[in-house]
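A.B. asks: coords please:
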Amino acid sequence: MLILSIDTSTTICSVALHKDGTLLGSYELFTERTSSAMLTTLIDQVVQHTGFSLPQLDAIAVAKGPGSYTGLRIGVSTAKGLCFSLDKPLIAVNTLQGMAEQIRPFYAAQTPRKPILICPMIDARRMEVYCALYDTAGNETVPTSAMIIDETSFAGELAAHTLVFVGDGAAKCRPVLGNHPDTLFPETVISPSARQIGVLAADAWQQGRFEHVVTFEPFYLKDFMATTPRKLV
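C.D. replies: Down below sits the predicted model:
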C-alpha cells in the first residue's frame, strides 16, 4: 500500500511517503510556523520526486496530536481535504507514539535490569508537558496526558521500570528527575516526524483502523487558550 503521511504537531513540518511500510521519501522543514501552502508544496514534492502521483495513494495518514493547536489544525485539515478530493481513507496516529517509535527498536534489543518504558514528551507551558508511556513492544501503558513535572512524577512507574525520556519536553524533566538511578535521557534528538507516522500507519492499514473523514478532529488534549493582544499606546 502507498501511504502519504503528514506531521505538523509542532514547529517541524514533515511529510513522508511509504510503500508497504518502507520509506520512499520525506521532507522536513524546521520553521517557527507551518502554513497550508508550505505543507501542500512539500506533499507535491515528495509524491512527484518518488515517481508517483496523488491519485495513486492508497491512504492519507496524519499525526493527530497532542501538540500545537494551529499546527494540528493545519495538518488534519490538509489530510482531510486530500481524503475528500482523492476519495482515500484517513489514518490517524498519536504524535507521541510516533516519537516513541523512533527509539523503541533500540531499547527493544536491550536486556536491562528493569523493564524499560519510553516516555515521549512535548513541551507545553511552564513545567507542563504532554506525555505518555510505551513499552518496548510499542504498547501504550499509560495514556496521553498533560502533566506538571515535579519530584513525585512517575514515582509508581519508576518503582518497577527504567524510564527513557525523549522529546523537547524532556528538558523540563531532566533537572527534576535526572538524578534518579532509573531514568535515562538519551542525547539523540527525538522530534515528531512523518517518517514514523507512516510506519505506524502501515500497521493501522493492515488492521483496518481508519477514521471517519467527516467527523474526525485533532487530539488537542487541552482547549485552545487565546491571548488578548496588548493595546498600543
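
A.B. asks: contacts and neighbour counts: CA atoms only from here.
C.D. replies: OK.

A.B. asks: contacting residues around the residue nearest to the spatial centre of the chain?
C.D. replies: When Cα atoms, centre = their mean is applied to the chain, the residue found nearest the centroid is residue 95 (2.0 Å). The contact partners of residue 95, by Cα atoms under 8 Å, 6 or more residues apart in numbering, come to 7, 9, 63-67, 192, 197.

A.B. asks: Repeat the analysis, applying 10 Å as the threshold.
C.D. replies: By Cα atoms under 10 Å, 6 or more residues apart in numbering, the residues touching residue 95 are 7-10, 62-67, 120-122, 131, 144, 191-194, 196-197, 219.

A.B. asks: Among these, which ones are in helices?
C.D. replies: 194, 196-197 (DSSP state H).

A.B. asks: Residue 154 versus residue 139, what's the distance?
C.D. replies: Distance of residue 139 to residue 154, given as Cα to Cα, to the nearest Å: 18 Å.

A.B. asks: Of these two, give the one with the bigger neighbour count.
C.D. replies: Neighbour comparison, residue 139 and residue 154: the larger count goes to residue 154, with 14 against 11 (by other Cα atoms under 10 Å).

A.B. asks: distance of the more buried one from residue 132?
C.D. replies: From residue 154 to residue 132 the distance is 11 Å (Cα to Cα).

A.B. asks: what's the span of stretch 168-185, first residue to last?
C.D. replies: One end of stretch 168-185 to the other measures 11 Å (Cα to Cα).

A.B. asks: Give me the buried positions along that stretch.
C.D. replies: By neighbour count with 16 or more other Cα atoms under 10 Å, stretch 168-185 contains the buried residues 168-174, 177-178, 182-185.

A.B. asks: Among the residues you listed, pick out the one closest to residue 162, please.
C.D. replies: Distance to residue 162, by Cα to Cα, is smallest for residue 182 among those, at 4.6 Å.

A.B. asks: correct me, but that closest one touches residue 163?
C.D. replies: Yes. Judged on Cα atoms under 10 Å, residue 182 makes contact with residue 163 at a distance of 6.3 Å.

A.B. asks: For those two, list the residues in contact with both.
C.D. replies: 114, 116, 157.

A.B. asks: Most widely separated two among the buried residues of stretch 168-185?
C.D. replies: The widest separation within the buried residues of stretch 168-185 (Cα to Cα) is 19.7 Å, between 168 and 182.

A.B. asks: Could you report the neighbour count for residue 75?
C.D. replies: 30.

A.B. asks: just to revisit the earlier point, please flag which of the contacts of residue 95 sit within strands.
C.D. replies: Residues of the contacts of residue 95 located in strands (DSSP state E): 7, 62-65, 120-122, 131, 144.

A.B. asks: Which one (most neighbours) among the residues you listed?
C.D. replies: Using other Cα under 10 Å as the neighbour criterion, residue 7 leads those with 34 neighbours.

A.B. asks: Report the beta-bridge partners for that one.
C.D. replies: Under the criterion DSSP bridges, residue 7 forms beta bridges with residue 14.
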